[in-house]
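I need the structure of the sequence given here:
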Amino acid sequence: MNLYYGIKYNIKGVALALKTPKLLMLGVLRFFVVFLLTVLLSGLVLYWHNEILMMLWKMPESGWLIYLWKAVSWILSVFLAAISMVMAYLISQLLFCVFIMDYMSRITEKIVMGKEAHFEPESWFGFFVHLIKQEIPRAIIPVLITLIIMVTGLLTPLGPVIIFMSSIAATVFLAWDNTDLIPARRMVPFKTRFGFLKKNLLFHVGFGLLFLIPWLNIVFLSFAPVGATLYYLDKEGQ
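The predicted structure follows:
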């Protein structure tokens, strides 16, 4: 059931954002930043596509293996495009999108609670640095590790299984990157916040499943702070 609720809250967040001008504007801004970076990185990766494929498997000279090679080439293209999207997301986070995420979360909190929880940082630059520090252990490092495992898996017989498990792991951390916005803003200890992830692991799997849909994942990632904040506030109110 938590798996279902994860999907439900992600879609619920997008629906609320579409009805709220501020959230819509911020989500669209995140979308275009990630989209442009994705196009740029995808272009670079696909430019070197043949070289990457030749490193993994040289094109057969004849026979049915040629058709298999072409199928692998197509699958590799999709795989590399997906990695490009994730890398674009992480780069955008380090630039300024992490600040937009937090702002979207605060707007959502105000909509739900009727008022925003008291928040007045001593320094906005200091707060931005704080957000980056939170982003590195909860999303950037885990996702990069899973991407490395995923790429390594291509070179083993268990490649498909490793890629599948790594993809799920990456989406879990991307989901947690959003549900962790409120506790991180409240300076809750990291150990407690990681405990929240472990306790609600299936929810995060469900929430992150929508991040696996090619191209639509950019839309869900752009508005994910809204649904994640809705879930955290509902969970806190139980």
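
Show me what the host helix or strand of I168 packs onto, helices and strands only.
Secondary structure from DSSP states H and E places I168 in helix 159-179. Where contact means 3 or more CB pairs under 8 Å, 6 or more residues apart in numbering; DSSP states H and E, helix 159-179 is packed against helix 65-92, helix 98-113, helix 141-153, helix 190-199, helix 201-209, helix 216-237. Backbone N, C-alpha and C define where each C-beta goes, glycine included.

and if we set it to 10 Å?
Helix 159-179 sits against helix 2-19, helix 65-92, helix 98-113, helix 141-153, helix 190-199, helix 201-209, helix 216-237, with contacts defined as 3 or more CB pairs under 10 Å, 6 or more residues apart in numbering; DSSP states H and E.

The spatially closest residue to F173 that is not a sequence neighbour: what's it in contact with?
Leaving out its chain neighbours, the residue that sits closest to F173 by CB to CB, 6 or more residues apart in numbering is P142, at 4.2 Å. P142 makes contact with 136, 169-170, 172-174, 176-177 under the criterion CB atoms under 10 Å, 6 or more residues apart in numbering.

Same check on I91?
33-34, 37-38, 40-41, 97, 140.

6 Å instead, please
I91 is in contact with L37, counting by CB atoms under 6 Å, 6 or more residues apart in numbering.

ok, it to I132 distance?
In this view, I91 and I132 are 13 Å apart by CB to CB, to the nearest Å.

cool, and W215?
In terms of CB to CB, W215 sits 27 Å off from I132.

I'd like to know how far the most centrally placed residue in the chain sits from V14.
What sits nearest the mean C-alpha location of the chain, by CA atoms, centre = their mean, is L174, with 3.7 Å. Plainly put, L174 is 15 Å away from V14 if you go by CB to CB.

So for W215 and I132, which sits in the more crowded spot?
Remark: of W215 and I132, I132 carries more neighbours, 15 against 11, as counted by other CB atoms under 10 Å.

Is the more buried one within a helix or a strand, and which one?
Assigned by DSSP H and E, I132 falls in helix 124-135.

what's the answer for S42, then?
Per DSSP H and E: helix 21-47 holds S42.

I'd like the mean pLDDT over that helix, please.
Helix 21-47 carries an average pLDDT of 84.

count of neighbours near L80?
Going by other CB under 10 Å, the residues that sit close to L80 add up to 20.

Excluding covalently adjacent residues, which one is nearest to it?
V45 (4.6 Å).

secondary structure class for V188?
The three-state label given to V188 by DSSP: H, G, I helix; E, B strand; the rest coil is coil.

and the gap between it and F35?
For V188 relative to F35 (CB to CB), the value is 32 Å.

So for these two, which sits in the more crowded spot?
Neighbours of V188 and F35, each counted by other CB under 10 Å, are more numerous for F35; the result is 17 against 13.

Give me the nearest residue to that one, chain neighbours excluded.
For F35, the closest residue by CB to CB, 6+ apart turns out to be I218, at 5.7 Å.
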